[in-house]
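Participant: Sequence and predicted structure, then a few things I'm wondering about:
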Amino acid sequence: MVSARISPMVELARWLLERQGLPYAEQPHAPMLHVIFTKLAGGGVEIPVCTWAEGVWDGGPGIVAELAKKSPPQARLFSDDPAVGADERALVAFLFAHLLKQVRRLVYHRLLPFKPLIAPVVTEGAPLWERAFVYGLYGGWRALMAKGLDFDPTLLAQAPIDIEAAFAAVEARLADGRRFLGGDAPNTVDVVFAALTAPITFPNQYGALLPKRDQLPDDLRAYVEAHRARPGGKMALDVYGTARGTSQPKMALARTARPKLPAWALRKGADALRRLAPNLSVRGNRFVSRWSDLAQVLSDDVSFVIAPVNAVRFKEVGAPFLLGMDRSDRLMRQRKALYSALSAVEMGRVRNLIASESRLLLTNAASGLRRLEVVNGYSRLVAARAAVALFGIKGPTEPDLMRVARAIFGHAFLNANGDAQVRDRGIKAGQELSDWMTREMAARRAGAPVPPDFLAALMAQAPQSGLSDDEIRHNVAGMLVGAIDTTAGCVANIVTEIGADRSLALRVGNDLGDMDRLTGWCWEILRRRPFTPLIERVTVADAKVGGRAVKPGTKIIAVTLAAMRDPAAFPNPDRLDPTRPRDRYMHFGHGIHECAGRAINAFQIPTLVGNLLKFRPTQYGAPRMQGAFVDELVVALSQEEAAP
């Protein structure tokens with residue numbers, strides 16, 4: 001976010017981003033000098049300018065509009081009720097029209113003559129050369145400000161009139177006795193009004209440095225005190241006291257990187273391994289790459305076990321889930337309870353949410369920037385929203401839920417090398433998730449509404465299943481953590497392959513109306529670029545794989561990428577055929593430890609891919625990684641959805 005910290009528009013952006021739980025890297029500049037950097041970032045002269053993979057969010061109104069397009073169902077910026085939402089948007093537009101420029105024009109006009117008062121606040125956080133410019137060439141900078149803010153006498157005279165109109169409109173709504181414009185709690189309209197009027201109400205919780213109120217020039221101090229005392233000002237200060245919270249600490253810009261190896265190279269390597277050394281032993285590891293051998297290893301859960309692979313990591317994140325347990329009475333009891341609870345959930349509600357949220361995000365993207373970031377701007381968002389509806393845990397904000405799920409997944413499933421930072425993040429995230437679940441379960445038992453979700457089903461069946469509260473939490477955690485980034489990664493891999501193969505895109509596009517064939521296409525494309533190219537087990541008894549003896553203690557590395565290109569199981573493996581038998585795929589494991597959420601993803605993944613393709617992507621970017629996860633993939637969309 002390119003900013004000037006003092007700006008009420010920047011304050012509004014900070015507040016809304018923090019209210020949504022979205023971390024941001026702020027790059028502050030002195031007012032007017034900021035134009036160099038907003039232009040370089042692809043914006044205009046207004047601040048802030050926010051950049052991310054989809055493009056640029058420009059100015060206060062632009063950021064509000066774009067955030068509204070991404071906000072989750074439980075935290076919409078505007079009401080889902082059409083009439084209420086339209087009224088809220090109209091009032092926000094009115095407030096921007098009457099406060100955005102007018103407050104700045106009035107306050108700066110009265111403060112600019114007082115260099116010692118204004119210079120420290122306008123240069124907060126700015127680079128050294130900008131601070132030197134403002135302090136050393138104050139007269140020139142002041143002239144730039146006067147020109148940029150347009151101190152035309154007519155506009156200066158109009159400013160307090162417009163501000164009065166905004167206050168009068170707000171106070172007319174408060175006249176019915178409500179505490180906030182949003183009712184009992186502040187809504188987006190309250191936040192917009194409070195932020196834009198902050199330079200004339202001086203809230204203590206403002207997210208940047210303000211001049212000292214008692215040092216203001218007399219005329220401005222009287223104006224501020226008058227507005228603090230009137231109903232609209234009191235409400236704005238109450239919004240700050242109720243909803244502002246602590247501003248996010250300074251954060252460095254997050255970076256992504258290209259994959260270390262191209263997918264085609266991995267495929268070639270996997271094929272060579274299967275042909276030349278399908279049962280390769282290297283320093284106590286056995287690389288198995290034929291489909292039949294993988295099926296044997298993953299089905300024989302007595303000789304080839306999973307607990308030594310990840311049970312410790314699962315325990316460290318506080319979720320000793322089924323995928324870290326070997327066959328036992330405890331495993332079978334929990335497995336039975338898990339599938340029973342899943343069968344009790346009304347999946348139609350979840351399916352409807354996946355379909356509606358995906359189309360909403362796509363429609364908003366196509367009607368706006370016409371660019372979609374497929375991971376964090378689409379598939380990961382929808383998967384998180386589906387996970388909330390299905391499993392019953394939402395966390396403080398949607399980004400918190402996604403952050404915690406990724407951190408746990410990264411350590412529990414992917415941190416085979418024991419990276420200390422990944423481990424620490426996973427452990428801390430595991431405690432956060434455990435706390436959320438404990439509070440949610442306590443609230444439901446205390447009488448809070450109980451949605452028809454997986455958590456409710458597990459809790460209701462506990463007397464019969466014998467599940468303890470810890471076991472309920474472990475099962476919910478395991479399902480939730482596995483649901484979000486698995487979905488996002490699979491969708492990103494499928495879209496990447498479609499974008500790289502024009503003929504494939506045409507063939508898949510012809511089947512968008514046939515969910516069964518579309519699912520077949522998705523599973524076939526994932527053979528080219530699977531989300532999980534390797535699965536590990538450890539041998540605990542004398543066994544044979546592919547006719548060769550395997551000693552106890554041997555780590556089995558099952559190369560699913562190679563196995564799902566094995567001609568013995570997939571004839572003519574380079575040809576993608578959506579009608580292949582579904583029981584041959586190993587995308588979500590095999591045997592007793594096959595992913596319990598595979599039936600959900602059998603709907604969710606093709607729905608996300610199919611709905612995206614209906615908006616006729618015209619250009620595909622390259623995937624970028626953050627650690628082990630695909631974190632960015634940008635596509636350009638047509639302006640309208642294709643006709644069915």
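Facilitator: Cool, the structure landed.
Participant: where does residue 280 land in three-state SS?
Facilitator: Under the three-state scheme (DSSP: H, G, I helix; E, B strand; the rest coil), residue 280 adopts strand.
Participant: Can you show me the helices along the stretch 301-450 of the chain?
Facilitator: In the stretch 301-450 of the chain, the helices defined using DSSP state H, counting those that start in this stretch lie at 307-316, 329-344, 347-367, 380-391, 398-412, 420-445.
Participant: Under the pLDDT cut-off, which ranges of this structure? List them.
Facilitator: Within the chain, the stretches with pLDDT under 70 are 643-644.
Participant: what residues go with each domain of it?
Facilitator: For the chain, automatic domain parsing gives the domain ranges 2-243, 263-636.
Participant: Quick one: residues contacting the residue nearest to residue 488 when sequence neighbours are not counted.
Facilitator: Nearest non-adjacent residue to residue 488, counting by C-beta to C-beta, 6 or more residues apart in numbering: residue 380, 3.9 Å away. No exception for glycine: its C-beta is placed from N, CA and C like everyone else's. Applying C-beta atoms under 8 Å, 6 or more residues apart in numbering to residue 380 gives the contacts 402, 484-485, 487-488.
Participant: okay, those residues in TSV with secondary structure and distance to residue 91 next?
Facilitator: What follows is these, written out as TSV (DSSP: H, G, I helix; E, B strand; the rest coil; distance: C-beta to C-beta, whole Å):
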residue	secondary structure	distance to residue 91
402	helix	31
484	helix	35
485	helix	38
487	helix	37
488	helix	36
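Participant: In these, find the pair that's most separated.
Facilitator: Across the contacts of residue 380, the longest distance by C-beta to C-beta is 11.4 Å; it joins 402 and 487.
Participant: Shouldn't residue 232 be within a helix?
Facilitator: Yes: counting by three-state DSSP, residue 232 falls inside a helix.
Participant: any idea how far residue 563 is from residue 531?
Facilitator: 14 Å (C-beta to C-beta, to the nearest Å).
Participant: Residue 402 and residue 487 - which one has more neighbours?
Facilitator: The residue with more neighbours, out of residue 402 and residue 487, is residue 487; 25 against 21, by other C-beta atoms under 10 Å.
Participant: Could you double-check that the more buried one sits in contact with residue 603?
Facilitator: No: assessed by C-beta atoms under 8 Å, residue 487 is found out of contact with residue 603, at 10.7 Å.
Participant: So which of the helices of the stretch 301-450 of the chain is nearest residue 233?
Facilitator: helix 398-412 (32.1 Å).
Participant: and the closest one, what other elements does it pack with?
Facilitator: Where contact means 3 or more C-beta pairs under 8 Å, 6 or more residues apart in numbering; DSSP states H and E, helix 398-412 is packed against helix 307-316, helix 380-391, helix 420-445, helix 469-500.
Participant: which SS state does residue 521 fall under?
Facilitator: helix.
Participant: ok, it - contacts?
Facilitator: Contacts of residue 521 by C-beta under 8 Å, 6+ apart are 507-508, 511, 576, 578, 606.
Participant: got it, and residue 221?
Facilitator: Counting by C-beta under 8 Å, 6+ apart, residue 221 makes contact with 213-214.
Participant: helix or strand for it, which one?
Facilitator: In the assignment (DSSP states H and E), residue 221 maps to helix 218-229.
Participant: Just the buried residues of that helix, please?
Facilitator: Buried positions in helix 218-229, judged by neighbour count with 16 or more other C-beta atoms under 10 Å: 220, 223-224, 227-228.
Participant: was I right about residue 367 contacting residue 637?
Facilitator: No: assessed by C-beta under 8 Å, residue 367 is found out of contact with residue 637, at 9.5 Å.
Participant: The two: who's more crowded?
Facilitator: residue 637 (23 against 12).
Participant: Distance check, the more buried one against residue 308.
Facilitator: Here residue 637 is placed at a distance of 46 Å from residue 308 (C-beta to C-beta).
Participant: Same check on residue 589?
Facilitator: Where residue 308 is concerned, residue 589 sits at a distance of 17 Å (C-beta to C-beta).
Participant: And for residue 199?
Facilitator: 62 Å.
Participant: try residue 128
Facilitator: For residue 128, the distance to residue 308 equals 55 Å [C-beta to C-beta].
Participant: Quick check on those two: which one has the bigger neighbour count.
Facilitator: Set residue 128 next to residue 308 and count neighbours by other C-beta under 10 Å: residue 308 wins out with 16 against 8.
Participant: Contact partners for that one?
Facilitator: Residue 308 neighbours (C-beta under 8 Å, 6+ apart): residue 538.
Participant: So which residues make contact with stretch 526-535?
Facilitator: Contacts of stretch 526-535 (C-beta under 8 Å, 6+ apart): 263, 266-267, 270, 294, 298, 486, 489-490, 493-494, 496-497, 557-561, 564-565, 570, 573, 576, 585-590.
Participant: Start and end of that stretch, how far apart?
Facilitator: 15 Å (C-alpha to C-alpha, to the nearest Å).
Participant: just stretch 278-291 next, same as before
Facilitator: By C-alpha to C-alpha, the extent of stretch 278-291 from end to end equals 10 Å.
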